[in-house]
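[1] A predicted structure for the sequence below; I have some questions about it.
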Amino acid sequence: MAQDSPDADLDAWVLETAPRAVAYARSLLRNVDDAEDIVQDCYCRLLAKADVYDLPRDGLKLLLRAVTNACINLRARRRPMFRFVRTDPESGDERNDDPVDYRAAAPGDRLAHSELSAAVATGLKLLPTQQRAALELKSLGYTQQEIAEILDVTPTYAGVLVHRARQALAAYLAPYLGGDTVP
């Protein structure tokens, strides 16, 4: 039974980290299928070297670094010429993949939320991948040092990436939030 312990530890590690890794990849790619494929490939690569790495201890950082690089590589390979917009069959509006159900909210609030959500999504898409990755990691609660390790940059540059991403997003969202300029 002691033989099963390392496999059980790895199974537990995968089950614990998979939702975060997929959510992170999805935030970078904005495509669930691509995100799941990339995370699966990254897990396969890491698990093939499980004897080299201490995955329960350092695996999440290694996984997120691998996911970041794979997402950047995928986006660099796939520069879309045009984009198909998925629409909601009921309303005709662009489909919102937001998991929160806002049907109970007042119609004006739903419209404002929908417009702001779309603006945030568009603003994030406009950011360079590395800035978006840094901002997403920061929003997930990672420290500047951890972001630097995951993105394989210096801690100072990780802070610069987060700062630039916040500034660009704030400038893009200013008209939606009632401001004309960024402070």
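    Now that the structure is in, tell me what you want to look at. Numbers count the residues shown, from 1 in each chain.
[2] Could you pull up the mean pLDDT of stretch 27-39?
    Mean per-residue pLDDT for stretch 27-39: 88.
[3] in it, what's buried?
    For stretch 27-39, the neighbour count (16 or more other Cβ atoms under 10 Å) marks Ser27, Leu28, Leu29, Asp34, Ala35, Glu36, Ile38, Val39 as buried. (Each C-beta comes from the backbone N, C-alpha and C, glycine too.)
[4] what sits against the first one?
    Which is Ser27. For Ser27, the contacting residues are Leu124, Arg132, Glu136, by Cβ atoms under 8 Å, 6 or more residues apart in numbering.
[5] Show me those that map onto helices.
    Leu124, Arg132, Glu136 (DSSP state H).
[6] Looking at the buried residues of stretch 27-39, which are in helices?
    Reading helices off the buried residues of stretch 27-39 with DSSP H, I get Ser27, Leu28, Leu29, Asp34, Ala35, Glu36, Ile38, Val39.
[7] Closest to Pro128 out of the residues you listed?
    For those, the closest approach to Pro128 (Cβ to Cβ) belongs to Leu28, at 11.2 Å.
[8] from what I can see that closest one touches Glu136, true?
    Yes. The criterion here is Cβ atoms under 8 Å, and Leu28 meets it with Glu136 at 6.6 Å.
[9] hey, what's in contact with both of these two?
    With Cβ under 8 Å, 6+ apart, Leu28 and Glu136 have no common neighbours.
[10] Where do the helices of the chain begin and end?
    For the chain, the helices defined by DSSP H occupy 4-29, 32-48, 55-77, 107-126, 129-139, 144-151, 155-173.
[11] which of those helices has the lowest average pLDDT?
    Among these, helix 107-126 scores lowest, at a mean of 73.
[12] Which residue ranges make up each domain of this protein?
    1-87, 105-183 (automatic domain parsing).
[13] about what we covered before: from the buried residues of stretch 27-39, pick the one nearest Ala118.
    For the buried residues of stretch 27-39, the nearest to Ala118 is Ser27 (15.5 Å; Cβ to Cβ).
[14] now that closest one: how far from Ala12?
    24 Å (Cβ to Cβ, to the nearest Å).
[15] What of Leu161?
    Counting by Cβ to Cβ, the gap from Leu161 to Ala12 is 32 Å.
[16] now swap in Arg164 and tell me
    37 Å.
[17] For the two, work out which one has more neighbours and name it.
    Arg164 (16 against 11; other Cβ atoms under 10 Å).
[18] Name all residues that make contact with the closest residue to the more buried one other than its chain neighbours.
    Excluding its sequence neighbours, the residue lying closest to Arg164 (Cβ to Cβ, 6 or more residues apart in numbering) is Gln131, at 5.6 Å. Shown in contact with Gln131 (Cβ under 8 Å, 6+ apart): Leu161, Val162, Arg164, Ala165, Ala168.
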